[in-house]
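Participant: next one to model:
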Amino acid sequence: MKIGLVAMGVGAAVLAIVGVVLILLPASSASFGWFAYQPSRDFGFVGGLSPVPPARSWGIALLVVAVALGAFAAGWALGSARTRKLERSGRA
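Facilitator: Numbering: from 1, shown residues only. Alright, predicted model coming up:
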């Protein structure tokens, strides 16, 4: 049981590190240029490029998974510690 907690903790740490690295990677530069003119009033943004690069999206997703996995491991550790304490006291 303790090996599972360690594995989850290490897995959460690795996912968090990979997520932070992906978030901090510089975004690729656009392959088109911007011109110094004001667009028409009735022109809306029609883009093919997402304002958030895919690597950053993956990094955020991995960070969320790492936090959830870490919270699960912490809850499991606290719950099993409390169960062991109750078993030793004879109340469970």
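Participant: drop to CA atoms for contacts and neighbour counts, all remaining ones
Facilitator: OK.
Participant: the helices in the chain, which residues?
Facilitator: 2-24, 54-89 (DSSP state H).
Participant: pull out the buried positions in the first one.
Facilitator: When burial is assessed from 16 or more other Cα atoms under 10 Å, helix 2-24 yields the following buried residues: 5, 8-9, 12-13, 15-20, 22-23.
Participant: okay, those residues in TSV with pLDDT next?
Facilitator: Listed next are those as TSV, based on pLDDT from 0 to 100:
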residue	pLDDT
5	84
8	88
9	88
12	93
13	93
15	93
16	94
17	94
18	94
19	93
20	93
22	91
23	91
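Participant: redo those residues as CSV? Include distance to residue 54.
Facilitator: CSV is the format used below for those (distance: Cα to Cα, whole Å):
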residue, distance to residue 54
5, 31
8, 26
9, 26
12, 21
13, 22
15, 17
16, 17
17, 17
18, 14
19, 12
20, 14
22, 9
23, 10
